[in-house]
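Colleague: build me a structure from this.
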Amino acid sequence: MSHVNRTAGAGGASGGGAVAAGVSNSPNLPNAPHLPHVSTAPNSQRPPTSAHAAKPSVTPAAPGAPQASQYVDDVSYLKLFHRHATPAWLHFVAGALGHAGPDPAAALRWCELGCGPGYGTVLTAAAYPKGRFVGVDFNAAHIAQAQALATEAGVSNVRFLERDLQSLVDGAAGGGAQTLAVPGQGNAAPRAKAPGDRTRADADLSRDPDFVEGFDFISVVGVYAWVSPEDRAAVLRFVARFLKPGGMLYLTYSCHPGMSWFVGMQRLLADYAATVSGSSAEKVVAALRFLKELASAEGSLLAEHPAQLAEIARALESDPRYLAHEFMAPHWAPQHVGDVLGDLTKIGCTWLGSAQPGDNIDEFAIAPALRPLLDSLPAGALRETARALATRQSMRHDIFLRHAKPLSADAHRRLLMAQKLAGVPGVTPALLQARDARLGPHTGWGAALAPALTALTTQGPQSFPQLARHAAYADRVGLLNPVFQLLVDAGVAHPMLAGTIDSRRAQAFNLAISGAVLRGEQYGWLAAPAIGSAISVEPWLMALANALLTSPALRWDALLQAVGTRLEALRAMPGQGPALASTMPGASSLSGALRDAMRDVVPTWRALGVIAG
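Modeller: Modelled structure (predicted):
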């Protein structure tokens, strides 16, 4: 097994070769073009399968004000967390690709453009108490929610700015009519502040410490393909000005050719929605239903394409709030991969690969017949364009490094040897055998992953040197780099942070979040500071986490009563109670479910800092 192309083995730095496929996190087969989907089930807070994030929202500009882009702002975006955007994750993937990203254990600075209601931003800040975090969105309601959450959870190392993208860049450059030029871009003309424009009237950011110092990480998730060309240029200007040398950019976007088929349909959705009364969420559902009926009719073009018809039907299962932000943005346009990579190259950002680690491994992500054709092309934009076409990419998860310098073979080896993985609770080895799992078709990789996965589940966290001594890998240590990457990609493991971890802020955040779930809020993740990320937690386990965070010393009878009382409150919740009840253990089965959780889940929570040890 030749393993990989871009993900180098332990013996040397990565060379040219396979590049990111940009497919979804869904457990379906990779590289299938698809529409976004977020379940309407209670507590459905896993990332959307297309990994879109909160998009900035604005109302139409007032007369005489700079022209706004008319994004949805009458319904709030979902409260989501994106693991790919966290410093530990990005550092881990960069290391596999032979580069050193910023140290996630240091006092880093991180910025998210399009932070939505701020849940993911506040959570990430709670997991990195030494860092400084800034979330930007120009939906005033989103910013208010984000600030309220940070205050309630006691997370003081995060702040939020109500700005649109263009005024953010202008204000950070000194306010007034200044702009920052990006070579080769259609830079917007200088714009004066408009009276009453909240997004532009705040303090000059050019002297703000966060912006003066710049950022180690910038995350732009689910924004770039949904905004106007002028706003895309503003994103590039922001990165050019504020991403530090050696800093990392995480950028997701819809791309050709996988989403090309939907361009005309998205326009039809928007035009049809304009004829329907109600909120944006109600309008988009009505428009999707019409599109489904139209596309299904005999003689329709899509009647001959059942896969696309299935995607439209599947989209209707999503949360309407998500669909409104996804489909009602008037400027949504899939991007050409080569254009995006070229634009970032102009501002000194080197494309490394995909934030989805499996996409960087040819033998995992690329059909055998395609590999020789792609290998005949030079690494870079041309190869990525061909790869996108060959694999029908619909979504990119690109990571870039500012002024990148590849590691030497020795430095790369040292970096890999410093890696350590923790198992993630609730994911079992059955993932490797499931036919519909992402790893299912790759039986060779399943066999390679099994020994490491067994060690994680039976022995606890595993370092690279530990597994290098394992009998399954001792004579082929180079296999461990892709094995580590695929375990993380599959969600069964996560890289751990080095050094002493301060869990107090994360646990205060988790207490606030679990309490909010018990009051009816839809949150699905708790901060895990030992991995600099979060773990997914279903509603009934939120009740357990809340009980343990409130009273860590509870003994069995008291704990059983405390959890039972909380679950009864959830079942009685107006509107959500019946649906939630179907996902929770009943009174007769609670004792067994709680014993299982105390054995299988709670020890990992303690090890990861989710609750007190």
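
Colleague: mind listing the strands for the stretch 301-450 of the chain?
Modeller: Per DSSP state E, counting those that start in this stretch, the stretch 301-450 of the chain has strands spanning 349-354, 395-402, 420-423. These are given in chain order.

Colleague: for the stretch 501-613 of the chain, same thing?
Modeller: Using DSSP E, counting those that start in this stretch, the strands found in the stretch 501-613 of the chain span residues 525-528, 533-536.

Colleague: of those, which approaches residue 122 most closely?
Modeller: Nearest to residue 122, of all those, is strand 525-528, at 9.0 Å by Cβ to Cβ. C-beta coordinates here come from the backbone N, C-alpha and C atoms, glycine included.

Colleague: residues contacting the closest one, please?
Modeller: Strand 525-528 is touched from outside by 45, 81, 119, 123, 126-127, 494, 506-507, 509-510, 513-514, 534-537, 542, 545, 605, 608-610, with contacts defined as Cβ atoms under 8 Å, 6 or more residues apart in numbering.

Colleague: how does it look with 7 Å?
Modeller: The list of residues contacting strand 525-528 from outside it, by Cβ atoms under 7 Å, 6 or more residues apart in numbering, reads 45, 81, 123, 126-127, 506, 509-510, 513-514, 534-537, 545, 608-610.

Colleague: show me what the worst-scoring helix or strand of the chain on mean pLDDT is packed against.
Modeller: The least trusted helix or strand in the chain, going by mean pLDDT, DSSP states H and E, turns out to be helix 577-581, with a mean of 74. For helix 577-581, the helices and strands in contact under the criterion 3 or more Cβ pairs under 7 Å, 6 or more residues apart in numbering; DSSP states H and E are helix 556-571.

Colleague: what helices and strands are in contact with the helix it packs on?
Modeller: In terms of contact count using 3+ Cβ pairs under 7 Å, 6+ apart, helix 556-571 is assigned the packing partners helix 504-518, helix 539-550, helix 577-581, helix 590-600.

Colleague: of all those, which one is nearest residue 400?
Modeller: Closest to residue 400 of those is helix 504-518 (Cβ to Cβ; 28.2 Å).

Colleague: output the contacting helices and strands for the closest one.
Modeller: Applying 3+ Cβ pairs under 7 Å, 6+ apart, one finds that helix 504-518 contacts helix 119-127, helix 140-153, strand 525-528, helix 539-550, helix 556-571.

Colleague: out of the ones you listed, nearest to residue 239?
Modeller: Across the helices and strands packed on helix 504-518, the minimum distance to residue 239, taken as Cβ to Cβ, is reached by helix 119-127, at 17.8 Å.

Colleague: and the angle from that closest one to helix 140-153?
Modeller: The directions of helix 119-127 and helix 140-153 differ by 30 degrees, with axes from the mean of the first three to the mean of the last three Cα atoms, to 10 degrees as the criterion.

Colleague: report the angle between the helix or strand that comes right after helix 119-127 and helix 140-153.
Modeller: Scanning forward in sequence from helix 119-127, with DSSP states H and E defining helices and strands, the next element found is strand 132-137. Angle, strand 132-137 to helix 140-153, by the same axes, to 10 degrees: 150 degrees.

Colleague: give the rounded mean pLDDT of strand 132-137.
Modeller: For strand 132-137, the mean per-residue pLDDT is 96.

Colleague: could you pull out the buried residues of it?
Modeller: Neighbour counts over strand 132-137 (16 or more other Cβ atoms under 10 Å) mark 132-137 as buried.

Colleague: what do you get for stretch 272-289?
Modeller: Neighbour-count burial for stretch 272-289 [16+ other Cβ under 10 Å]: 272-273, 280-281, 283-288.

Colleague: let me have those residues in JSON lines, adding pLDDT and distance to residue 325 as columns.
Modeller: Supplementary listing: the buried residues of stretch 272-289 in JSON lines, determined by pLDDT from 0 to 100; distance: Cβ to Cβ, whole Å:
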{"residue": "272", "pLDDT": "93", "distance to residue 325": "17"}
{"residue": "273", "pLDDT": "92", "distance to residue 325": "13"}
{"residue": "280", "pLDDT": "92", "distance to residue 325": "8"}
{"residue": "281", "pLDDT": "93", "distance to residue 325": "9"}
{"residue": "283", "pLDDT": "94", "distance to residue 325": "12"}
{"residue": "284", "pLDDT": "93", "distance to residue 325": "9"}
{"residue": "285", "pLDDT": "94", "distance to residue 325": "13"}
{"residue": "286", "pLDDT": "94", "distance to residue 325": "16"}
{"residue": "287", "pLDDT": "93", "distance to residue 325": "14"}
{"residue": "288", "pLDDT": "93", "distance to residue 325": "14"}
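
Colleague: which two in those residues are spaced the farthest apart?
Modeller: Taking every pair in the buried residues of stretch 272-289 and measuring Cβ to Cβ, the maximum separation is 14.6 Å, between 272 and 281.

Colleague: most centrally placed residue in the chain?
Modeller: With the centre of the chain defined as its mean C-alpha position, the nearest residue by Cα atoms, centre = their mean is residue 82, 2.7 Å away.

Colleague: next one, pLDDT for that residue please.
Modeller: Among the per-residue scores, residue 82 holds a pLDDT of 95.

Colleague: what's the separation between it and residue 542?
Modeller: Here the distance between residue 82 and residue 542 works out to 20 Å (Cβ to Cβ, to the nearest Å).

Colleague: coming back round to it: which one of the strands of the stretch 301-450 of the chain lies nearest to residue 601?
Modeller: Distance to residue 601, taken as Cβ to Cβ, is lowest for strand 420-423 among the strands of the stretch 301-450 of the chain, at 11.1 Å.

Colleague: partner strands of that closest one and their direction?
Modeller: The strands beside strand 420-423 in its sheet (DSSP bridges) come out as strand 462-463 (antiparallel), strand 493-495 (antiparallel).

Colleague: mind giving me JSON lines with the helices and strands packed on helix 504-518 and columns for mean neighbour count and distance to residue 579?
Modeller: Formatted as JSON lines, the helices and strands packed on helix 504-518 follow (neighbours: other Cβ atoms under 10 Å; distance: least, Cβ to Cβ, whole Å):
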{"stretch": "helix 119-127", "mean neighbour count": "29", "distance to residue 579": "21"}
{"stretch": "helix 140-153", "mean neighbour count": "20", "distance to residue 579": "23"}
{"stretch": "strand 525-528", "mean neighbour count": "28", "distance to residue 579": "19"}
{"stretch": "helix 539-550", "mean neighbour count": "23", "distance to residue 579": "10"}
{"stretch": "helix 556-571", "mean neighbour count": "16", "distance to residue 579": "10"}
